[in-house]
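>>> Compute the structure for the input listed below.
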Amino acid sequence: MRILVYLPLLLPLLAPLGARQLSERCEPRLATWLLTVSSLVLAMAGIISLGLLATTGVTRVPQLAGLGHWSAGTARREDPTELSVAVLAGLLLGGALVMAARMLWRRARALAAAALDAACMPTRDGVVVVEDPAPDAFALPGVPGRVVVSTGMLHTLDEGEHGILLAHERAHLSAHHYAFVALAQLGAAANPLLRPLATAVGYTTERWADEYAATVTGDRVRVARAVGKAAVAAHATPVRSRLPGAALGILGRRRNPLATAGPVPRRVAALLAPPLGRRPLLTAATLAVLLTAVWSSAEAAHDLHQLLKTIGVR
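Numbering: from 1, shown residues only. I've put the predicted structure just below:
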C-alpha cells in the first residue's frame, strides 16, 4: 500500500494547534462544530487506515489468506507493507475499538441516568432549586432537561445575575452541548492524540453558553462578572454536594459550567473583548485537513481493493 494510508494517522498530530486556534480565534458555536466533527472524522479515518494495514497482514499469513482465496506469496511480493507494521496496526485497531465502545457505553448509561433523574425532578419552568450551601449549578439532559441550581449558588449571585445563570444553563440544554462533548470524547477515546480537541470542545461549549447569556442580557461585562463570582465561590467551597452526579462530563460539582468548566480567566477575557467572528480562512483550513483525511483513506481503500484483486487465486 502507498504512503497515503499513513496520512490519517499523522494528521491528528495537528490537533493541539487546531484546538488552540479554533477555540481562541473562532466564534464559539462554529468552533464547537468544527472541533467535534474534526474529532470524529480524524478518529474514523485513523481507524480505517489501521484496518487497511491490518488486512494486509492477514493476506501475508497462508492459513488466513486461504480463507479469502488470496495468494500469500503474491501478497508478499506486491505489497511493501511490513508484516510487523500490519500486526501493530491490528493491535492498535483492537485497542481503539475497545476504548471507543467503552466510552460509548459509559456515555449512553450516563445520558439515560440523567434523563431519569430529570424526569423525577419537580420543577418550576424547568428549574430545580436544591437546598445545598455549596454553590453549584448545571444542566441535566432529559426529555425535557432540567436546570439544577443550589441555594448556595443563588446566594452567591444577585438577582440580576440569576437570569444570567439560567440563560447560560438553558443554552447548554437547548443547543445539546452534552452531545458535542460526548462525541468529541468518543473520538479522543479512539485516538488519544485527539484529546486536545475534546478538551477544547468542553471550553467552546462554555463560551457558546456565555455568549448566549450575553446576547440575552445585552451586557457582556455583567456576564463576565457573574462568571468570575461563581468561579471564586466554587473555588473557595470544599468539594461537598448532595446534587446529582456528573453526566456526560459537563454536570455536577467541580464541573459547574458557569463557574469552573474551561479556564475561567480566558472566558472572562473573551467576554470583555468584542465577539469573535467566523474566521473563514481558519474554517477553510480545518475543512481542508478533514477532506485530506477522508481522501487519503478512500485512496488507501482503493489501493487495498486493487491489491486483493491482484493476489486473488483464480
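>>> now A113: how far from P141?
From A113 across to P141, the span is 10 Å (CB to CB, to the nearest Å). Every C-beta, even on glycine, is put in place using the N, C-alpha and C of the backbone.
>>> higher neighbour count, these two?
Neighbours around A113 and P141, counted as other CB atoms under 10 Å, are more numerous at P141. The numbers are 26 against 16.
>>> thought that one was touching V181?
No: the pair P141 / V181 is not scored as a contact, 10.6 Å apart, by CB atoms under 8 Å.
>>> Confirm P275 sits in a helix?
No: read with DSSP: H, G, I helix; E, B strand; the rest coil, P275 is coil and lies in no helix.
>>> got a list of what the nearest residue to it once chain neighbours are set aside touches?
Nearest non-adjacent residue to P275, counting by CB to CB, 6 or more residues apart in numbering: E211, 6.6 Å away. Applying CB atoms under 8 Å, 6 or more residues apart in numbering to E211 gives the contacts P28, R29, P275.
>>> State the pLDDT value of E211.
pLDDT recorded at E211 is 95.
>>> ok but it is inside a helix, no?
Yes: E211 sits within a helix when classified using three-state DSSP.
>>> coming back round to it: make CSV from the contacts of E211 and add neighbour count and distance to R170 to it.
As requested, the contacts of E211 are exported to CSV (neighbours: other CB atoms under 10 Å; distance: CB to CB, whole Å):
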residue, neighbour count, distance to R170
P28, 22, 16
R29, 16, 15
P275, 12, 20
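>>> Any figure for the gap between the residue nearest to E131 when sequence neighbours are not counted and V41?
Leaving out its chain neighbours, the residue that sits closest to E131 by CB to CB, 6+ apart is T151, at 5.5 Å. Counting by CB to CB, the separation of T151 from V41 is 44 Å.
>>> now T204
In this view, T204 and V41 are 17 Å apart by CB to CB.
>>> which ones are touching the residue most central in space within the chain?
Ranked by distance to the mean C-alpha position of the chain (CA atoms, centre = their mean), the top residue is A184 at 1.6 Å. By CB under 8 Å, 6+ apart, A184 lies in contact with L35, T36, S39, L40, L197, A198, V201, G202.
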